[in-house]
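Novice: Everything below, folded, please.
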Amino acid sequence: MFETSSNDYELYEEDDEFVLSVEMPGFDPEEIDVSWDEGVLNIAAEHEDETRGERKTYHRRFRFPKNVEDDDIEAQYNNGILEVRLPVITGATTRGKQIEVKT
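Specialist: Sure thing, here's the model as predicted:
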């Protein structure tokens, strides 16, 4: 099971898909850009509050250790939480190589 966490996101794998939940309060859905490119999920958002003279930005990239079905990635934003579901291609593994640990 692949799992990691930080202050503003949670990432875990369940039922053959990755589930990423990102805390992004204060953004409108149209201000959030989610894109996928060669195993990397990019999340960017920008919000300008002209009445307060404030500008809020968010940018984060996530690399995934398994091949994901690009066409079936879904993103939903509710109550300040962006949830992205990334289905894993069954039987597929990412390419790589074993690295020798030297002493």
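
Novice: use CA for all of it now, contacts and neighbours both
Specialist: Will do.

Novice: residues in contact with Val19?
Specialist: Taking C-alpha atoms under 8 Å, 6 or more residues apart in numbering as the criterion, Val19 is in contact with Leu11, Tyr12, Glu13, Glu83, Val84, Arg85, Leu86.

Novice: Can you say which of those residues are buried?
Specialist: Burial of those was assessed by neighbour count (16 or more other C-alpha atoms under 10 Å); the buried members are Leu11, Glu13, Glu83, Val84, Arg85, Leu86.

Novice: Would you mind listing the buried residues in stretch 58-72?
Specialist: For stretch 58-72, the buried set under the neighbour-count rule, 16+ other C-alpha under 10 Å, comprises Lys66, Asn67, Val68.

Novice: now, the most widely separated pair of the buried ones among the contacts of Val19?
Specialist: Spatial extent of the buried ones among the contacts of Val19 (C-alpha to C-alpha) is set by the pair Glu13 and Glu83 at 13.0 Å.

Novice: Mind checking which of the buried ones among the contacts of Val19 are in strands?
Specialist: Judged by DSSP state E, the subset of those located in strands is Leu11, Glu13, Glu83, Val84, Arg85, Leu86.

Novice: would you list these in CSV and tack on distance to Asp28?
Specialist: Written out in CSV, the entries for those read as follows (distance: C-alpha to C-alpha, whole Å):
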residue, distance to Asp28
Leu11, 22
Glu13, 27
Glu83, 14
Val84, 16
Arg85, 19
Leu86, 22
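
Novice: on that earlier part again, which one of the buried residues of stretch 58-72 is nearest Ser35?
Specialist: Ranking the buried residues of stretch 58-72 by separation from Ser35, with C-alpha to C-alpha as the measure, puts Val68 on top at 13.1 Å.
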